[in-house]
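Visitor: need a structure here:
(2 chains)
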Amino acid sequence: MATTEEIRADLAEIVEEVAGVDAAQVQLDKSFVDDLDVDSLSMVEVVVAAEEKFDVKIPDDEVKNLKTVGDAVAFIERAQG
Amino acid sequence: MTKLQDVEGARHATILGVGSYRPSRLIPNAELVEAIDSSDEWIQQRSGIKTRRWATPEETVTLMSVESSKIAMERAGIEPAQIDGVVVATVSHMLQTPAVATMIAHELGLNRPVAFDISAACAGFCHGIALASDMVKAGSAQHVLVIGVERLSDLTDVGDRGTAFIFADGAGAAVVGPSDEPGIGPVVWGSDGEQFDLIRQKEDWRDVLEQDNPSMPHLVMQGNPVFRWASFEMAKIAQQTLDRTGITVDDLDVFVPHQANMRIIDAMARTMKLPDTVKIARDIADQGNTSAASIPLALDRMLEEGDAKSGDTALLIAFGAGLAYAAQVVTVP
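Guide: Sure, this is the predicted structure:
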């Protein structure tokens, strides 16, 4: 079972690849839109890559609730249950 | 049982020539931002579009089709009398019937060819190329003109933040004919009607007429789900197309996806892991999204600018409302 930090680190790599954000900036308290400048289309790319990486389903309706990196990590942890 | 005589077609089919028509009005983002309370920067960041081409009233669907077809026929070295099929992909011919293909054939002085329109939205041009290839190989026609043409400015809601800056006008044409070697590979095509509502004409015409102040029913689109489908599901279709053709991304010289949005083009290329050596069509930046016309417009531009040359191997993939899609590998004429 992956730890919170492992999930955050893997997610940070995805965000760096998709949106060109330095992975070190992708911390749990950061907002995708306001702090990391990840817009809604980049967020779709992050979600698709995360689904593949973590073997989870992230429905379209859920994506708008993932405001911070912490929200996304928590969702992935729950989905991996 | 009476035995029926059958006919034999050509062994293979190929694209013999392409041509395009770009309308005269160049519309920068600055002209559109006020109505949608947006900015040039936001539109470019969201779509990669800087300017788009919109038609004047004189630049009709028929006129743009005829002009692009003349160029395609000349480059193909094919006389009007040799064309015995016309397939037109469009959603912006405003007469329900007859097909605009018949009018275009007449204006081009063709000799009463089979002529019909197809409704496959942004995927229409690749559908047309597949049909034309099959017609030539089945012996149903010898030389088929395939036209993708749109005047989406007529169907655009300039007050809709999601689409006002996307859609544009133009035409592109290709002549498909017989060849000794396969110049049009097998098509991979299909649809997903479960997602019928993601891109559509907003209202049925009958509902429009019941309104107090009837107005043109515009195109509407749900951007994010379409982006997801186009970027990732279509990358899989692209791979299937290469597989069916017996080649890999390393064999490609040119990638010409439907010019829907620069972000989709970038995401597809990333997902497909295209090598840097593959030239990617990016006509959308100053032409906008011309639906069925976008692939021939983009390919013609790459030929003009030297990014594609005769004999190159090109992957064409088109996708849009339906959701419908079609893809094939072709040899550049």
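
Visitor: could you find the closest non-adjacent residue to B:Q240?
Guide: B:V188 (4.9 Å; Cβ to Cβ, 6 or more residues apart in numbering or on different chains). Placement of C-beta: from N, CA and C, glycine included.

Visitor: ok, now which ones touch that neighbour?
Guide: With contact set as Cβ atoms under 8 Å, 6 or more residues apart in numbering or on different chains, B:V188 has these partners: B:I237, B:Q240, B:T241, B:R244, B:A326, B:A327, B:Q328.

Visitor: out of these, who's nearest B:W205?
Guide: Nearest to B:W205, judged by Cβ to Cβ, of these is B:A326 at 26.7 Å.

Visitor: least trustworthy helix or strand in chain B by mean pLDDT?
Guide: The helix or strand of chain B with the lowest confidence, counting by mean pLDDT, DSSP states H and E, is helix B:223-228 at a mean of 89.

Visitor: returning to that earlier point: select from the contacts of B:V188 every entry located in helices.
Guide: Among the contacts of B:V188, the ones falling in helices (DSSP state H) are B:I237, B:Q240, B:T241, B:R244.

Visitor: got the residues of the stretch 101-250 of chain B near chain A?
Guide: B:G223, B:N224, B:P225, B:F227, B:R228, B:S231, B:F232 (Cβ under 8 Å from any Cβ of the partner chain).

Visitor: just the buried ones from those?
Guide: B:G223, B:N224, B:P225, B:F227, B:R228, B:S231, B:F232 (16 or more other Cβ atoms under 10 Å in any protein chain shown).

Visitor: can you pull the contacts of the third one?
Guide: Meaning B:P225. Per Cβ under 8 Å, 6+ apart, neighbours of B:P225: A:D60, B:Q195, B:L198.

Visitor: for residue 45, list the residues it contacts.
Guide: As the question left the chain open, I've gone with chain A. A:E45 touches A:V18, A:A19, B:S231, B:A267, counting by Cβ under 8 Å, 6+ apart.

Visitor: actually chain B
Guide: So B:Q45 contacts A:D39 (Cβ under 8 Å, 6+ apart).

Visitor: assign the spatially closest residue to A:T4 that is not a sequence neighbour to helix, strand or coil.
Guide: Closest residue to A:T4 apart from its sequence neighbours, by Cβ to Cβ, 6+ apart: A:V73 at 5.9 Å. Following DSSP: H, G, I helix; E, B strand; the rest coil, A:V73 is assigned to helix.

Visitor: hang on, A:V73 packs against A:Q27?
Guide: No - under the criterion of Cβ atoms under 8 Å, A:V73 is not in contact with A:Q27, lying 10.2 Å apart.

Visitor: who has more neighbours, those two?
Guide: A:V73 (25 against 14; other Cβ atoms under 10 Å in any protein chain shown).

Visitor: what's the separation between the more buried one and chain B?
Guide: 21 Å (Cβ to the nearest Cβ, to the nearest Å).

Visitor: could you pull out the helices for the chain?
Guide: If you meant another chain, say so; for now it's chain A. A:4-19, A:40-54, A:60-63, A:69-80.

Visitor: I was after chain B.
Guide: Going by DSSP H, chain B shows helices at B:40-47, B:61-76, B:100-107, B:124-138, B:205-209, B:223-228, B:234-245, B:262-272, B:284-287, B:294-305.

Visitor: how about the last one: buried residues?
Guide: For helix B:294-305, burial by neighbour count (16+ other Cβ under 10 Å) applies to B:S294, B:I295, B:P296, B:L297, B:A298, B:L299, B:D300, B:R301, B:M302, B:L303.

Visitor: ok, back up a step: and the residue nearest to A:T4, how close does it get to A:S42?
Guide: 17 Å (Cβ to Cβ, to the nearest Å).

Visitor: try A:S31
Guide: Taking Cβ to Cβ, one finds A:S31 at 13 Å from A:S42.

Visitor: looking only at neighbour counts, state which of the two leads.
Guide: A:S42 (21 against 14).

Visitor: rewinding a little: okay if I get the buried residues of helix B:294-305 as a markdown table plus distance to chain A and pLDDT?
Guide: Converted to a markdown table, the buried residues of helix B:294-305 look like this (distance: Cβ to the nearest Cβ, whole Å; pLDDT from 0 to 100):
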| residue | distance to chain A | pLDDT |
| --- | --- | --- |
| B:S294 | 19 | 98 |
| B:I295 | 22 | 98 |
| B:P296 | 26 | 98 |
| B:L297 | 23 | 98 |
| B:A298 | 21 | 98 |
| B:L299 | 25 | 98 |
| B:D300 | 28 | 98 |
| B:R301 | 25 | 98 |
| B:M302 | 25 | 98 |
| B:L303 | 30 | 98 |
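
Visitor: okay, those in TSV with distance to B:V144 next?
Guide: Below are the buried residues of helix B:294-305 laid out as TSV (distance: Cβ to Cβ, whole Å):
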residue	distance to B:V144
B:S294	20
B:I295	16
B:P296	14
B:L297	19
B:A298	21
B:L299	17
B:D300	18
B:R301	23
B:M302	22
B:L303	20
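
Visitor: report the two of those residues separated the most.
Guide: B:S294 and B:L303 (15.1 Å).

Visitor: now B:Q328: closest residue in space, sequence neighbours ignored.
Guide: B:V187 (4.7 Å).

Visitor: wait, I meant B:V86
Guide: B:A115 (4.0 Å).

Visitor: surely that neighbour meets B:A105?
Guide: Yes - shown here, B:A115 and B:A105 form a contact pair, counting by Cβ under 8 Å, at 4.5 Å.

Visitor: mind listing what the nearest residue to B:S231 once chain neighbours are set aside touches?
Guide: Residue nearest to B:S231 in three dimensions, not counting chain neighbours: B:A267, with 3.7 Å by Cβ to Cβ, 6+ apart. With contact set as Cβ under 8 Å, 6+ apart, B:A267 has these partners: A:E45, B:F227, B:S231, B:F232, B:A235.

Visitor: of all those, which two lie farthest apart?
Guide: So, the contacts of B:A267 by Cβ to Cβ: farthest apart are B:F227 and B:A235, at 12.3 Å.

Visitor: hang on, the earlier thing: which residues do A:V73 and A:Q27 both contact?
Guide: Common neighbours of A:V73 and A:Q27 (Cβ under 8 Å, 6+ apart) are A:R8.
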